[in-house]
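> My questions concern the predicted model and sequence given below.
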Amino acid sequence: MSFPNIPNITPTISVTTAQTIPLLLSSIALEELALAHIMNAEAEKLQFVLGTLPTGTALSPAVVSLAELFAVDSSVQRTLRDVIKKEMLLEFKFENVLDLIGTLPPVISTFLFVSNREDNTIAIFDISTPTSPVLVREFGAVDFPGVFDGPTGLAITGTTLYVANQFDNSLVIFDISVPPSPVFVSKLSAVDLPGVFNNPTGLAIASSTLYVSNPPNDEVAVFDISSPSVPSFVEQANEGNLSLPTGLTTTGTTLYATNFGNSTIEIYDIFQPSDPIHVDRFGAGEVSGPSGLAITGNALFVSNFSNNTIERYNIFQPTDPVHVDEFGTGEVSGPTGLATTGTTLYVANQSAGTVSIYSFPSDPVFPPAPVRIRDFGAGTLHAPTGLAVFIPPNPV
């Protein structure tokens, strides 16, 4: 049995309450291991004097008297009594650790939803440790037949997940109150809303308004989702400035929409969420086939599907983005959807069938350049397109 690795603790105590728990449990385990060795030694002592221990060593004297056997037995009993006393102390220690665990705040898991356009599924990953995603499940093609058809954009509000179906022109709604067990709610199709959906691709939410990009129509459909499970169509936003709009994202009273057709990004004022007003355009000469958008703090990330890179903009002034840098060359492949949580950026690689993880230090003004950590999802993901992060309101 190998010994656990106990971290070096400096003279200045630098461990949290949560970090002390595995250390205390490790100390209990080590003491239990020591007691097990003692008990094994005492058992071998009895075996030896009884001649049942195959050691190859002759017993001296060759004949053991009854009195000597009683003496050895008495010695073993005294030792075992001490072991029992120590076991009682360890039980008290263990109970104290359990009480300590009860004082910790509940652990709230974080989940990443990934749409697989190729095999009509949604993959759910636990990203409570952001750089080490764990697959929870996939749902769609088998357990919800006919619900997905080319799922692309994802968006979440409260415990409601919206999925844009690019191929059959529909919007699917799921209840994800229990993330590992999504519940199908409804599907809005071209039959329900003629002419509203046309290869819907990107989704974004601001307050109680849902935006859906329709690339072939050069439009963004606007829905009132005051009742999340029953979206109400409001209008098609189109002021003649969109060109194959794909990715959407919002911050405050600003909506950004990527133009895949002319490699630019549009800015809309959504002070009145149901009535976007065009403000400006940016990104010409900087973005290339922009597909996905994500925001963290003052940083706007834009995925460039055409040249396999990611652009960063400073949006301290949301209507006047400033280009900062480009990254991802040789690291991303057909980047589409983007999502952030804390200091982690996820990039859906549609061409490679993976998701890339980037990390960047926290900075209240503007984060330093992201550093690629790793890719995940190979073999599980198939043309991953949309990403959405979900933090359940209740511990899972």
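Cool, the structure landed. Numbering: from 1, shown residues only.

> Every contact and neighbour count from this point should use C-alpha atoms.
Fine.

> so which helix or strand takes in F184?
Per DSSP states H and E: F184 is located in strand 183-188.

> outside of that strand, which residues touch it?
With CA atoms under 8 Å, 6 or more residues apart in numbering as the contact definition, strand 183-188 has outside contacts at 144, 147, 170-176, 229.

> the strands in the stretch 251-396 of the chain, which residues?
Under the criterion DSSP state E, counting those that start in this stretch, the stretch 251-396 of the chain carries strands at the ranges 254-259, 264-269, 277-282, 290-296, 299-304, 309-314, 322-327, 335-341, 344-349, 354-359, 371-376, 384-390.

> Grab the most central residue of the chain for me.
I127 (2.4 Å; CA atoms, centre = their mean).

> Next, the contact list for the closest residue to that one other than its chain neighbours, please.
Sequence neighbours aside, P133 is the residue nearest to I127 in space, at 4.7 Å (criterion: CA to CA, 6 or more residues apart in numbering). By CA under 8 Å, 6+ apart, the residues touching P133 are 125-127, 376.

> What helix or strand is L23 located in?
Assessed by DSSP H and E, L23 sits inside helix 17-50.

> and that helix, what does it pack onto?
Judged by 3 or more CA pairs under 8 Å, 6 or more residues apart in numbering; DSSP states H and E, helix 17-50 is in contact with helix 66-102.

> Quick one: mean pLDDT over the helix it packs on.
Per-residue pLDDT over helix 66-102 has a mean of 89.

> and the angle for that helix with helix 17-50?
Interaxial angle of helix 66-102 relative to helix 17-50 (axes from the mean of the first three to the mean of the last three CA atoms, to 10 degrees): 170 degrees.

> in helix 66-102, what's buried?
Buried positions in helix 66-102, judged by neighbour count with 16 or more other CA atoms under 10 Å: 76, 80, 83, 87, 90, 97.

> and what of stretch 143-152?
For stretch 143-152, a neighbour-count test (16+ other CA under 10 Å) marks 147-152 as buried.

> How about stretch 373-382?
375-377, 381-382.

> before we move on, what about stretch 179-189?
By neighbour count with 16+ other CA under 10 Å, stretch 179-189 contains the buried residues 179-180, 182-183, 187-189.

> Let me have the contacts of strand 183-188 in TSV, extended by secondary structure.
Formatted as TSV, these follow (DSSP: H, G, I helix; E, B strand; the rest coil):
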residue	secondary structure
F144	coil
V147	coil
S170	strand
L171	strand
V172	strand
I173	strand
F174	strand
D175	strand
I176	coil
S229	coil
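
> List the contacts of S351.
S351 neighbours (CA under 8 Å, 6+ apart): 333-335, 383.

> try 7 Å this time
Contact partners of S351, counting by CA atoms under 7 Å, 6 or more residues apart in numbering, are 333-334, 383.

> Next: F301.
Going by CA under 7 Å, 6+ apart, F301 touches 293-295, 310-313.

> Looking at those, point me to the pair that's furthest apart.
Spatial extent of the contacts of F301 (CA to CA) is set by the pair I295 and I310 at 12.7 Å.

> So between the two, which is more surrounded?
I310 (26 against 21; other CA atoms under 10 Å).

> Enumerate every residue touching the residue lying closest to that one once chain neighbours are set aside.
The shortest distance from I310 to any non-neighbouring residue, by CA to CA, 6+ apart, is to S303 (4.6 Å). Remark: with contacts taken as CA under 7 Å, 6+ apart, S303 is in contact with 290-293, 309-311, 335-336.

> 8 Å instead?
Neighbouring residues of S303 by CA under 8 Å, 6+ apart: 290-293, 309-311, 335-338, 347.

> Could you do R117 as well?
149-152, 382-385.

> do Y358 as well
Y358 sits next to 344-346, 370-374 when contact means CA under 8 Å, 6+ apart.

> Looking at these, spot the one nearest L161.
Y346 (18.4 Å).

> is that closest one in a bridge, and if so with what?
A339, I357 (DSSP bridges).

> Next one: the nearest residue to I173 once chain neighbours are set aside from P290, what distance?
Closest residue to I173 apart from its sequence neighbours, by CA to CA, 6+ apart: Y162 at 4.8 Å. Taking CA to CA, to the nearest Å as the measure, Y162 falls 22 Å from P290.

> In terms of neighbours, single out the busier of those two.
Using other CA under 10 Å, the more surrounded residue of Y162 and P290 is P290, with 32 against 24.

> What pLDDT is listed against the more buried one?
So, for P290, pLDDT stands at 98.

> That one pairs with what?
N304.

> got any ranges where this structure has weak pLDDT?
1-14, 55-62, 395-396 (pLDDT under 70).

> can you tell me how far G330 sits from Q350?
Taken as CA to CA, the span from G330 to Q350 is 14 Å.

> more crowded one of these two?
Q350 (24 against 9).

> and the nearest residue to the more buried one once chain neighbours are set aside, how many residues sit next to it?
For Q350, ignoring the flanking residues on the chain, the nearest one in space by CA to CA, 6+ apart is A383 at 4.3 Å. Residues near A383, counting by other CA under 10 Å, number 25.

> isn't A383 right up against V355?
No - shown here, A383 and V355 do not form a contact pair, counting by CA atoms under 8 Å, at 10.1 Å.

> overlap in contacts of these two?
Residues touching both A383 and V355 (CA under 8 Å, 6+ apart): N349.

> Kindly indicate whether D143 is helix, strand or coil.
Assigned state for D143: coil (three-state reduction, three-state DSSP).

> what's the spacing between it and P228?
With CA to CA as the criterion, D143 and P228 are 23 Å apart.

> Could you do V185 as well?
10 Å.

> next one: T343
Using CA to CA, T343 is found at 29 Å from P228.

> out of the two, which sits in the busier spot?
Taking other CA under 10 Å, T343 and P228 do not tie; P228 has more neighbours (21 against 15).

> Brilliant, that's me finished.
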